[in-house]
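J.: could you work out the structure for the sequence below:
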Amino acid sequence: MRKVSVILGVRDDRVVPAQAINIICDVLKDFRDIRLEFAVVREAPSRALDMVGDEFVVLFDADGCYDPADVRKVLLPLIEGRADLVLGNRRLPSAVVSVRDRVANSFLTWLAGHLFRVPVEDSQTGLRAFRRAALGLQVPALRFLEVPVSYSQPGVQS
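T.: Numbers count the residues shown, from 1 in each chain. This is a model prediction of the structure:
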C-alpha cells in the first residue's frame with residue numbers, strides 16, 4: 001500500500017476544508033493501492049513537509065482558487081512512474097490575475113527556469129506533487145512535468 005500525504009494550506013488553521021478533502025477522496029477512490037493522509041496547515045503547505053514521510057506528497061492551496069479534483073492530475077504521473085515532480089500549470093488568463101501578480105509570477109517562473117535549467121511555465125503554482133524520494137535528487141536528475149489545472153480568483157470573473 002502506497003501512502004499519499006495531501007497537505008492543504010489554509011489561511012486559518014482552525015478551518016478544515018472538508019469539501020476539498022471529500023472531493024480529493026472521491027477523485028482518487030479508484031486507486032485501490034494508495035492510502036490518503038491529510039494535513040491542514042496555515043499559509044505555507046511546504047512547512048508541513050517535516051510532518052510527512054510518505055511515498056508521495058501533494059501540496060494544495062485550499063484557498064478556493066484551485067479545483068480539488070485536479071489533485072488527480074498532478075498525482076497520476078507520479079503513480080504511473082512518469083515523473084518525480086509535477087506542477088499544476090494554471091495558464092493564467094489576464095482577467096484572473098492583477099498586472100502586479102502577473103509580472104511577479106512571470107519573473108519568478110523565469111528565474112526558477114533559469115536557475116534550475118528546466119522548462120517551466122508556472123513555478124508559482126499552489127498545486128504540486130512529488131515523490132518524497134525526489135527531495136534528495138539533484139535537479140538535472142528529476143523527471144519534471146507540468147499539467148494544466150483549473151484556477152479562478154475568488155470574486156473575479158474570468
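
J.: and the gap between Glu121 and Val10?
T.: Per C-beta to C-beta, to the nearest Å, Glu121 is found 26 Å from Val10. In this view, the C-beta of every residue, glycine as well, is placed from N, C-alpha and C.

J.: pick out whichever of these two has more residues nearby.
T.: Val10 (19 against 15; other C-beta atoms under 10 Å).

J.: tell me the contacts of the nearest residue to Ser150 once chain neighbours are set aside?
T.: Using C-beta to C-beta, 6 or more residues apart in numbering and skipping the chain neighbours, the partner closest in space to Ser150 is Asp67 (4.2 Å). By C-beta atoms under 8 Å, 6 or more residues apart in numbering, the residues touching Asp67 are Ile23, Val149, Ser150.

J.: quick check: Asp67 vs Val147, distance?
T.: Distance of Asp67 to Val147, computed by C-beta to C-beta: 12 Å.

J.: ends of stretch 10-20, how far apart?
T.: End-to-end distance for stretch 10-20: 11 Å, by C-alpha to C-alpha, to the nearest Å.

J.: now it: how far from the chain's centre is it?
T.: In this view, stretch 10-20 has its centroid 16 Å away from the chain centroid, taken as C-alpha atoms, centre = their mean, to the nearest Å.

J.: looking at this structure, which helix is longest?
T.: If you go by DSSP state H, the chain has its longest helix at helix 99-116.

J.: what's downstream of it, the next helix or strand?
T.: strand 127-131 (DSSP states H and E).

J.: for the next helix or strand after that next one, C-alpha coordinates in CSV please.
T.: Moving toward the C-terminus from strand 127-131, the next helix or strand (DSSP H and E) is strand 144-148. Output of strand 144-148 as CSV, limited to C-alpha atoms (Å, rounded to 0.1, in the frame of the first residue of the first chain):
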residue,chain,number,x,y,z
PHE,A,144,9.7,17.1,-14.2
LEU,A,145,6.2,17.6,-15.7
GLU,A,146,3.6,20.3,-15.8
VAL,A,147,0.0,19.5,-16.2
PRO,A,148,-2.9,22.0,-16.8
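
J.: show me the contact partners of strand 144-148.
T.: With contact meaning C-beta under 8 Å, 6+ apart, strand 144-148 is reached by 73-74, 77, 82-89, 91, 118, 120-122.

J.: 6 Å instead?
T.: Contacts with strand 144-148, where a contact means C-beta atoms under 6 Å, 6 or more residues apart in numbering, come from Lys73, Pro77, Ala83, Leu85, Val86, Leu87, Asn89, Arg91, Val118, Glu121.
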